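Peer 1: This is the structure alone, sequence omitted:
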């Protein structure tokens, strides 16, 4: 899986029936150490109620259909988690749970 | 999924039986922010009645077979939506619904 | 799917049982606008009786198994059509049906 | 499959139900001859109890779901083995079993 | 499918149960015309009794599981044939059957 930031959304009225009601977001893949953009944005189906600006985990290929929301749908990318923390070599490169 | 523009079509008389009657279009992948070509064109099966010049959403791999039209067919790319709008960082980078 | 030219063949005596009798061709992917080589050749299973020099449509991944010939076989690439014409931006970039 | 080193972990509270309880590690792909980093880190599900710093075998795509732990889950990468030795051209490029 | 040379092997004691007893080889992808290395080595499961130094056909993705040996196992690459000959543009670029 890769890590990405939710940067936008896509609207499509004329689409495959199974895509009706799915939230289609634009995600920007990120480098996991620097948390900076890496590679090109793609369209991914939200399955966890993620919001604009959040850093999420994105799954691709047939595995993107292994959620209740995406089952049997023509999607090759799905957001399956909102990331709280990433730790690399003992250092937190991301900490979205700063509150107290 | 990726975003692409319909730029052409492919004609094949001698083809797999399951491809009979499928509309085989040529799509040019696009950068979602600048809506300019990015990467190489590919052949994709239309499942939503998309037309020449339109900007569409393209799904790849086994997920391309998850529509009524492409079910159990030997295709690895399908057009599953016509894009109305793309919004990135709060800005519309694409708006195909300009009419009034 | 991609477009490729049949440029050769592969012979293997010791192979997976399900590959017995399959025609294993070497295909060179092509740029769809210039019809010139692009990327590296690969081995693809012929399912439509294509011949040396012909320009064909090649499908990859699990979808390559969605033909009668490749069903349940260990192949990740199949030739599923012989291309007659490619039209891009209103112009024929390929026309293999010149005869009359 | 590829070889990678376990370099970190990811924490996600809000995630797909089927991911609950899965150990999400960050792995850095390695060159098999020099055992040095090659390519970008990704998130992979541990299925063999691997630990920080270990060199592991990582499987991708739908095959990542072919373990008891990842069955029917939305994951496209899984750690399926801890590597003891890699031998290339008759030379051990990796030997994690040095102990006696 | 791609062509590769068997250049080594991988040993893993702690691995997914379904991988027990599988022969895990290191293969170096080859250019089909020059028969020289191209791209990076990967780990592939042998299903045809191939040996060190041999040139083989490698299948990737879910199709790697379509053999008796790899069925339902977490592998994304399998060796499914030993190559005897490769002919490109009427010329043998590989001939492993020189004996007489």
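Peer 2: Received it, and whenever you're ready, just let me know what you need. The structure presented is a predicted model; accordingly, all values stated were derived computationally and were not measured.

Peer 1: Tell me the bridge partners for the nearest residue to residue A:39 once chain neighbours are set aside.
Peer 2: Of all residues not flanking residue A:39 in the chain, residue A:29 sits nearest, at 4.4 Å (C-beta to C-beta, 6 or more residues apart in numbering or on different chains). From N, CA and C alone the C-beta is placed, and that goes for glycine too. Using DSSP bridges, the bridge partners assigned to residue A:29 are residue A:4.

Peer 1: so residue A:29 touches residue A:58, yeah?
Peer 2: Yes. Under the criterion of C-beta atoms under 8 Å, residue A:29 makes contact with residue A:58 at 7.5 Å.

Peer 1: Between these two, which is the more surrounded one?
Peer 2: residue A:58 (25 against 17; other C-beta atoms under 10 Å in any protein chain shown).

Peer 1: tell me which element the more buried one is part of?
Peer 2: strand A:55-60 (DSSP states H and E).

Peer 1: what packs against the next helix or strand after that strand?
Peer 2: Moving toward the C-terminus from strand A:55-60, the next helix or strand (DSSP H and E) is strand A:77-82. In terms of contacts (3 or more C-beta pairs under 8 Å, 6 or more residues apart in numbering or on different chains; DSSP states H and E), strand A:77-82 is packed against strand A:24-29, strand A:42-46, strand A:55-60.

Peer 1: now do 10 Å
Peer 2: Judged by 3 or more C-beta pairs under 10 Å, 6 or more residues apart in numbering or on different chains; DSSP states H and E, strand A:77-82 is in contact with strand A:2-11, strand A:24-29, strand A:42-46, strand A:55-60.

Peer 1: how big is the angle separating the longest one from strand D:77-82?
Peer 2: Here the directions of strand A:2-11 and strand D:77-82 differ by 160 degrees (axes from the mean of the first three to the mean of the last three C-alpha atoms, to 10 degrees).

Peer 1: Report the mean per-residue pLDDT for strand A:2-11.
Peer 2: Averaging pLDDT along strand A:2-11 yields 98.

Peer 1: Model confidence at the closest residue to residue A:37 other than its chain neighbours, what's the number?
Peer 2: Take residue A:37 and drop its neighbours on the chain: the residue closest to it by C-beta to C-beta, 6+ apart is residue A:28, 5.1 Å away. On pLDDT, residue A:28 comes in at 98.

Peer 1: Can you get me a residue count around residue A:28?
Peer 2: 21.

Peer 1: tell me the contacts of it?
Peer 2: The contact partners of residue A:28, by C-beta atoms under 10 Å, 6 or more residues apart in numbering or on different chains, come to A:4-8, A:36-42, A:55, B:32-33, B:88-89.

Peer 1: could you measure the residue nearest in space to the middle of chain A against chain B, distance?
Peer 2: Central residue of chain A (C-alpha atoms, centre = their mean): residue A:79, 3.4 Å from the mean position. Applying C-beta to the nearest C-beta, to the nearest Å, the value for residue A:79 to chain B is 12 Å.

Peer 1: Now do the contacts for that residue.
Peer 2: A:4, A:6, A:23, A:25, A:27, A:44-50, A:54, A:56-59, A:64, A:67, A:69-70, D:15-16, D:74.
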